[in-house]
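>>> Turn this into a structure:
(2 chains)
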Amino acid sequence: MTAAAPAAPALAHLTLTEASEAIAQGRTSAEQLLTAALAQAEQTNPTTRAFLRIDAEAALSRARALDHARAAGQPVGPLHGIPLAHKDMFYRAGVPSSCGARIPLPIPTVTATVLSRLDAAGAVSFGVLNMAEFAYGPTGHNWTHGHCRNPWQPDYITGGSSSGSAAAVAARACYAALGSDTGASIRVPAACCGITGLKTTAGRVSRAGVMGLSSTLDTVGPLARTAEDCARVMQVIAGPDPADPTTDPAPVPDYLHQLRAPVAGLRIGLPMEYFDGPLDPEVARAMADSHQALRDLGCELVPVRCPDMDTIDAASALVMASEAAARHANLMQSCPDGHARQVAARLARGLAVPAVSYIQALRYRAVALAAFLRDVFDHVDVLHTPVLPILTPRIDDTDVHEGEALDALLSTLTRYSRPFNYLGLPALSLPAGRSTAGLPIGMQWVGRPHDEPLLLRLGHAYQAATAWHRHVPPGASASPSSPVHGRTA
Amino acid sequence: MDSPDARPDTPRLTAAQVAAAFDTLGIAPAVDPAHIAIVVGSQLRAAEPAFSRLPFDAEPAGFAWPCRQEASS
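Reported below is the predicted structural model:
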């Protein structure tokens, strides 16, 4: 032992990277990390409802086995002993997955490739996390399992659909979590809860053994406390998978190595329309602060004009509605009351999309991507946008089920994120400020296909110069209180 | 909402067409077909100009997954 082992609360507040280093240096153990995470989950879950199930005994057995293996000199993986929990839609053979639904679903017979890869890397999965029903909701409401609550202020939404993933990571109850993103579902929860989330390039991460919502828009990615932590998870889960023929055969880059490359000189695109308003003044202020932070890092801010984003958003909506309805049509026929009202209302829309229009929307996708690459990424390296145009809303104010109120909610919460699922581009959501009400404000960086390393590198540099990602929700705090200002300097 | 001419801003889908789609699939409508006609109709209208310019003779590269990269040899 090179130093005294940290106490349990301090262990829970380490980043994944710090926890990994503590294990590697013999300053802590898998069992100690898990014990700290379990204690934090027990402390925060009555407020957040992030966990739907905690498998403490099985996880403790695995953690002890990992500690014994390490003590015996056996090889250890890159996530050795790291406690994780995941959105309850990543299947493990023989274990029920609720998918956030009210109706019981068949017991999975396969294990998701991403879970197998995390297992092989030495991670300790110790629970499953709340989510929007069938991953089809941007707020974190769940009328069956209970609405997930924001660890910063429990009357406010977590964002969805990876609600529990964001809430658990923000509450320091696990070091990272897997989520899925079909239109917003990693980026909006990360923004609302003040953590870092990566929507991956289409095809970069296997979806085998993962509940599907929209066949051509679904992506899997990490939510964690830092960009560096996301890189560590990506290093394990990314890459081709024979079980998922839609995965991309492109080689997996060294995400961690590329974090250290310089960012000075990168061109950051500021969109001149669509993303520029109307913004809540506090969101606009946070974006302006982030612009200055990027200038301070030596980046060049460049105005860019995006192609017709309203058309892209409309095409995205048609694809998502059609594919979700097709997936759920059998269930809608056999179990008319099987979905929550809001989910049923959204699914119904897909039944009305003509097949010709759906195919046209798929055909237009490559055309739109080519235009976007030309108009944006011929001029800049990264596109910078807010995640949300508004401040995080309250749960009660967003408890809508159908009609124009639902239309307005969906449009507001997904307008800035959904187009990038349609385009297939990677996008990083990371904290950029706090509102006067004390809730996090998030920003989104979008990159070229397979440019996750660049997004993570820029995120790592930004987080080395700022402290928004180090802020801890009041209910999760067991150590010094959150810094007042985001900038460290 | 059954006549496209009744609401010039929602010309591409009618409540009757939506109701027929539900009926064809044997699914009870969960919400008012007229509202679905308005929402989906507006999306179709927004996308139509771009769809009308799609080429006839070639599938755009990548189709549903345009970001896909083939492994280099």
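
>>> Which phi and psi values does A:Leu430 adopt?
When quoted as degrees, to the nearest 10, the phi and psi of A:Leu430 stand at phi -150, psi 150.

>>> pLDDT wise, what is it at?
Per-residue confidence (pLDDT) for A:Leu430: 98.

>>> Pretty sure it sits against A:Leu455.
No - in this structure, A:Leu430 is not within contact of A:Leu455 by Cβ atoms under 8 Å, at 9.2 Å. Every C-beta, even on glycine, is put in place using the N, C-alpha and C of the backbone.

>>> tell me the contacts of the residue nearest the centre of chain B?
The centroid of chain B falls nearest to B:Leu44 when counting by Cα atoms, centre = their mean (4.7 Å). B:Leu44 makes contact with A:Ala314, A:Leu318, A:Val353, A:Pro354, A:Ser357, B:Arg12, B:Leu13, according to Cβ atoms under 8 Å, 6 or more residues apart in numbering or on different chains.

>>> quick one on the thing from earlier: between A:Leu430 and A:Leu455, what contacts are shared?
Counting by Cβ under 8 Å, 6+ apart, the contacts common to A:Leu430 and A:Leu455 are A:Ala227, A:Trp445.

>>> neighbour count winner among those two?
Set A:Leu430 next to A:Leu455 and count neighbours by other Cβ atoms under 10 Å in any protein chain shown: A:Leu430 wins out with 31 against 27.

>>> check contacts around the more buried one.
With Cβ under 8 Å, 6+ apart as the criterion, the residues that contact A:Leu430 are A:Ala190, A:Thr196, A:Gly197, A:Ala227, A:Gly442, A:Met443, A:Trp445, A:Gly459, A:Tyr462, A:Gln463, A:Trp468, A:His469.

>>> Please say whether there is contact between stretch A:209-221 and chain B.
Yes - figure legend: stretch A:209-221 in contact with chain B (Cβ under 8 Å from any Cβ of the partner chain); contacting residues A:Ser215, A:Thr216.

>>> And that stretch, end to end?
When the termini of stretch A:209-221 are compared using Cα to Cα, to the nearest Å, they are 14 Å apart.

>>> How far away from the center of its chain is that stretch?
Using Cα atoms, centre = their mean, to the nearest Å, the mean C-alpha position of stretch A:209-221 is found 13 Å from that of the whole chain.

>>> same deal with stretch A:34-47?
Stretch A:34-47 has its C-alpha centroid displaced from the chain centroid by 20 Å (Cα atoms, centre = their mean).

>>> Below-threshold pLDDT in the chain: ranges please.
All of this is about chain A. Within chain A, the set of residues satisfying pLDDT under 70 comprises A:1-9, A:478-489.

>>> try again with chain B
Applying pLDDT under 70 to chain B picks out residues B:1-11, B:60-62, B:69-73.

>>> if you set the cut-off to 90 instead, what comes out?
Regions of chain B meeting the criterion pLDDT under 90 cover residues B:1-13, B:25, B:28-31, B:55-73.

>>> could you dump stretch A:248-262 to CSV, C-alpha only?
These are the backbone C-alpha positions of stretch A:248-262, laid out as CSV (Å, rounded to 0.1, in the frame of the first residue of the first chain):
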residue,chain,number,x,y,z
ASP,A,248,-19.1,-0.9,-38.2
PRO,A,249,-15.9,-2.9,-39.0
ALA,A,250,-13.8,0.2,-38.6
PRO,A,251,-10.9,-0.3,-36.2
VAL,A,252,-11.4,0.9,-32.6
PRO,A,253,-9.1,3.8,-31.9
ASP,A,254,-7.1,4.2,-28.7
TYR,A,255,-9.5,6.6,-26.9
LEU,A,256,-7.3,7.0,-23.9
HIS,A,257,-4.1,7.8,-25.7
GLN,A,258,-5.8,10.4,-27.9
LEU,A,259,-7.1,12.2,-24.8
ARG,A,260,-3.6,13.7,-24.4
ALA,A,261,-3.4,15.3,-27.8
PRO,A,262,-3.5,19.1,-28.0
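
>>> Contacts made by that stretch with the rest, please.
Outside stretch A:248-262, the residues that touch it by Cβ under 8 Å, 6+ apart are A:201-204, A:227-228, A:231-232, A:234-235, A:238-240, A:298, A:450, A:452-454, A:456-457, A:460, B:67-71.

>>> Quick one: buried ones out of those?
In the contacts of stretch A:248-262, burial by neighbour count holds for A:201-204, A:227-228, A:231-232, A:234-235, A:238-240, A:450, A:452-454, A:456-457, A:460, B:67-68, counting by 16 or more other Cβ atoms under 10 Å in any protein chain shown.

>>> so which of the contacts of B:Leu44 comes closest to A:Ser125?
Using Cβ to Cβ, the shortest approach to A:Ser125 within those belongs to A:Leu318, at 36.0 Å.

>>> Any figure for the gap between the closest one and chain B?
A:Leu318 sits 5 Å away from chain B when distances are taken as Cβ to the nearest Cβ, to the nearest Å.

>>> sorry, back to before: by neighbours, which of the contacts of A:Leu430 wins?
Of all the contacts of A:Leu430, the highest neighbour tally under other Cβ under 10 Å goes to A:Ala190, namely 36 neighbours.

>>> didn't it look like it was pressed against A:Ser429?
Yes - with contacts defined as Cβ under 8 Å, A:Ala190 counts as touching A:Ser429 at a distance of 4.2 Å.

>>> unless I'm mixing things up, A:Gly212 is touching A:Ala326, no?
No - under the criterion of Cβ under 8 Å, A:Gly212 makes no contact with A:Ala326, lying 10.3 Å away.

>>> before we move on, back to that, so which of the contacts of stretch A:248-262 are in helices?
For the contacts of stretch A:248-262, membership in helices holds for A:Ala227, A:Glu228, A:Ala231, A:Arg232, A:Met234, A:Gln235, A:Glu452, A:Pro453, A:Leu454, A:Leu456, A:Arg457, A:His460, with DSSP state H as the criterion.
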